[in-house]
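Novice: Here's a sequence, model it:
(2 chains, ligands or ions: 2)
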Amino acid sequence: MTEAALVPKSAEGGDSALVVLDGVNKWFGDLHVLQNINLTISRGEVAVVIGPSGGGKSTFCRTINRLEPIDQGEIRLDGKPLPAEGKGLARLRADVGMVFQAFNLFAHKTVLQNVTLGPIKVRGKREQDASERAQQLLDRVGVADQAHKYPAQLSGGQQQRVAIARALAMEPKVMLFDEPTSALDPEMIKEVLDVMVDLAKGGMTMVVVTHEMGFARTAANRVLFMADGQIVEEATPNEFFTNPKSDRAKDFLGKILKH
Amino acid sequence: MSTLAEMWPFLRAGFTNTLVLLALSLVLSTILGTVLASMRVSPVLPLRAFGTSYVNIFRNTPLVVMFILIVEGFPPVDIRPNIEAIGLNTFETLAVFALTIYTAAFVCEALRSGVNTVDPGQAEAARAVGMTFTQTLSVIVLPQAFRAVIPPLASVYIALTKNTSVAAAFGVVEATAQLSRMNEQTVAGTGVLFFGIAAGYVVIVWVISGIAAFLERQVATAR
Ligand SMILES: Nc1ncnc2c1ncn2[C@@H]1O[C@H](COP(=O)(O)OP(=O)(O)OP(=O)(O)O)[C@@H](O)[C@H]1O
Ligand SMILES: [Mg+2]
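Specialist: Ligands and ions are numbered 1, 2, ... in the order given. Have a look, this model is predicted:
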């Protein structure tokens, strides 16, 4: 038996690595939005991405399910490189939940249908099973009584919780959140963050772009500070907020803590 | 009024042909136009390029030229014997081809303008859930585009209705062709005839507009 056979399956320090970005570069025209990003996100880890506007946080998040293609490098999910296009890519995306700033619930479908559509169309589940599961999830995020309404009839906070349920219905390996609370009124932010904290405690692997420091402190294992297309600093939330190393981070924290 | 009564059989035969031409080319151009519109919004570059070229070529070709090319046998392979072999009326079939190929370009553009009214976030969310391109389009985008598509699509179908008269010049005996024939055969007032023909078209257009208005109301209440 060779030595290689004894080493765990993936080269990234065993089975714990779920999302791996390896030398990722991306340009929008002349703009180098992602500059040589190397990062490993472990199973069950909650990583918060924070940083100034235009730093590339959304782009970074969207490359993980290839809503944005990359120009160089490789992204692996659960040991497998992301497929380029077609059915393989669709299958991969089914395993990656995504929650958008603008909720993006399907406007012509009821809340229940929003949650069952993926399992039925993509996973091939029976309608009955999908509906039962959807009801449980809607109950879990606290909107069970809204199941038969259309998204436009719900508050922003309720819509975002439905969007989380929709993503969970696919039983994703990892969930991506791109500023999930920044389109919400202050009184609705907490109800969404509570759901996210619950998820984090339940062991979900999460990548969360947010400026909610409360969430970062209670739920995150790691803060990634991103600016000008680079991950400038990585630290535990406590380290990062109390003792940022880089000038860029100090400057940024100074600005958001002032008001 | 006796003249109109005398002419009724001519008119009826003509309008039956008009309706058959209209129905066939409407259904076929809608199918072809939907396929073309899917190509135009597809992520696959060659398909997009094909869809765009198709629209640019056929939307800018006068219908009469289309008829000359197709009905007068421009195609390098003469398909007319084949059409007769399967028992179809040659002129009518070729007229349906010409109308379909031409109208599909307009259907495509009406659908595409409707697709563009749908928030891109909808398609993005569908893709993020793992839907394929076809599912995203058919389950999420097109149903939401439908509402915005009804008025331009109704215009396309109304134009098609009037365009069926071009077939007259190429031997299909539809309503307008009957008018020229009757003029040769009778000394009756052409005014009455014109009125009869015009009224026929008005009825068809009125039905199309009515259906469009009805659908718009349906879609408006369904959310
Ligand atoms: N589709 C695109 N085409 C061209 N440039 C883009 C595109 N999307 C984003 N950009 C640019 O890339 C840079 C990074 O954008 P990104 O949205 O990733 O930043 P962000 O960190 O999420 O910012 P914010 O906090 O404002 O959401 C910005 O300068 C933006 O203008
Ligand atoms: Mg952003």
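Novice: can you count the residues close to residue B:60?
Specialist: 8 (other CB atoms under 10 Å in any protein chain shown). Placement of C-beta: from N, CA and C, glycine included.
Novice: for it, phi and psi?
Specialist: Dihedral pair for residue B:60: phi -100, psi 0, per degrees, to the nearest 10.
Novice: Sketch out the low-pLDDT regions of chain A for me.
Specialist: Where chain A drops to pLDDT under 70, the residues are A:1-15, A:258-259.
Novice: And the helices in it, which stretches?
Specialist: With DSSP state H as the criterion, chain A has helices at A:3-6, A:57-63, A:86-94, A:111-121, A:127-140, A:156-168, A:186-201, A:213-219, A:237-242, A:247-258.
Novice: Let me know which of those is the nearest to residue A:228.
Specialist: Closest approach to residue A:228 among the helices of chain A (CB to CB): helix A:247-258, 8.1 Å.
Novice: Run through who's touching that closest one.
Specialist: A:50-52, A:211, A:225, A:227, A:232-233, A:240-241, A:244 (CB atoms under 8 Å, 6 or more residues apart in numbering or on different chains).
Novice: Say whether ligand 1 is contacted by that helix.
Specialist: No: interface with ligand 1: helix A:247-258 contributes nothing (CB under 6 Å from any ligand atom), its closest point being 11.3 Å away.
Novice: could you show me where the helices are in chain B, in order?
Specialist: According to DSSP H, the helices that chain B contains are B:2-40, B:45-59, B:63-71, B:80-85, B:90-116, B:120-129, B:133-135, B:142-163, B:175-185, B:190-221.
Novice: Find the centremost residue of chain B, please.
Specialist: Of all residues in chain B, the one closest to the mean position by CA atoms, centre = their mean is residue B:26, 3.9 Å from it.
Novice: which residues pair with the residue positioned nearest the centre of chain A across the strands?
Specialist: Geometric centre of chain A, nearest residue: residue A:176, 1.0 Å, by CA atoms, centre = their mean. Here residue A:176 sits in beta bridges with residue A:98, residue A:207, going by DSSP bridges.
Novice: so who does it touch?
Specialist: Contact partners of residue A:176, counting by CB under 8 Å, 6+ apart, are A:61-62, A:64-65, A:96-99, A:206-208.
Novice: Filter those down to the buried ones.
Specialist: Buried members of those, scored by 16 or more other CB atoms under 10 Å in any protein chain shown, are A:61-62, A:64-65, A:96-99, A:206-208.
Novice: May I see those organised as TSV, with distance to residue A:23 added?
Specialist: Compiled in TSV, the buried ones among the contacts of residue A:176 are given as follows (distance: CB to CB, whole Å):
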residue	distance to residue A:23
A:61	18
A:62	18
A:64	15
A:65	19
A:96	20
A:97	26
A:98	24
A:99	27
A:206	24
A:207	18
A:208	24
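Novice: Spell out which two among those are the most distant pair, please.
Specialist: A:62 and A:206, at 15.3 Å, using CB to CB across the buried ones among the contacts of residue A:176.
Novice: I'd like to know the phi and psi angles of residue B:44, please.
Specialist: Dihedral angles for residue B:44 - degrees, to the nearest 10 - are phi -90, psi 120.
Novice: From residue A:77, how far off is it?
Specialist: Separation of residue B:44 from residue A:77 (CB to CB, to the nearest Å): 24 Å.
Novice: Please say which of these two ends up with more neighbours.
Specialist: For residue B:44 versus residue A:77, neighbours defined as other CB under 10 Å are more numerous around residue A:77 (21 against 12).
Novice: was I right about residue A:188 contacting residue A:159?
Specialist: No: if you go by CB atoms under 8 Å, residue A:188 and residue A:159 don't touch, sitting 9.5 Å apart.
Novice: Which of these two has more residues huddled nearby?
Specialist: residue A:159 (25 against 18).
Novice: For the more buried one, which non-adjacent residue is closest in space?
Specialist: residue A:103 (4.4 Å; CB to CB, 6 or more residues apart in numbering or on different chains).
Novice: List the contacts of that neighbour.
Specialist: Per CB under 8 Å, 6+ apart, neighbours of residue A:103: A:151, A:156, A:159-160, A:162-163, A:183.
Novice: Out of those, the closest to residue A:44 would be?
Specialist: Distances from residue A:44 to these, taken by CB to CB, are shortest for residue A:163, at 22.1 Å.
Novice: quick one: that closest one and residue A:99 touch, right?
Specialist: Yes: under the criterion of CB under 8 Å, residue A:163 makes contact with residue A:99 at 5.3 Å.
Novice: Which residue is the nearest non-sequential neighbour of residue B:128?
Specialist: The shortest distance from residue B:128 to any non-neighbouring residue, by CB to CB, 6+ apart, is to residue A:98 (4.0 Å).
Novice: how about the one you found, what does it touch?
Specialist: By CB under 8 Å, 6+ apart, the neighbours of residue A:98 are A:65, A:67, A:167, A:175-178, B:125, B:128.
Novice: how about a cut-off of 6 Å?
Specialist: Each residue near residue A:98 by CB atoms under 6 Å, 6 or more residues apart in numbering or on different chains is listed here: A:65, A:176, B:128.
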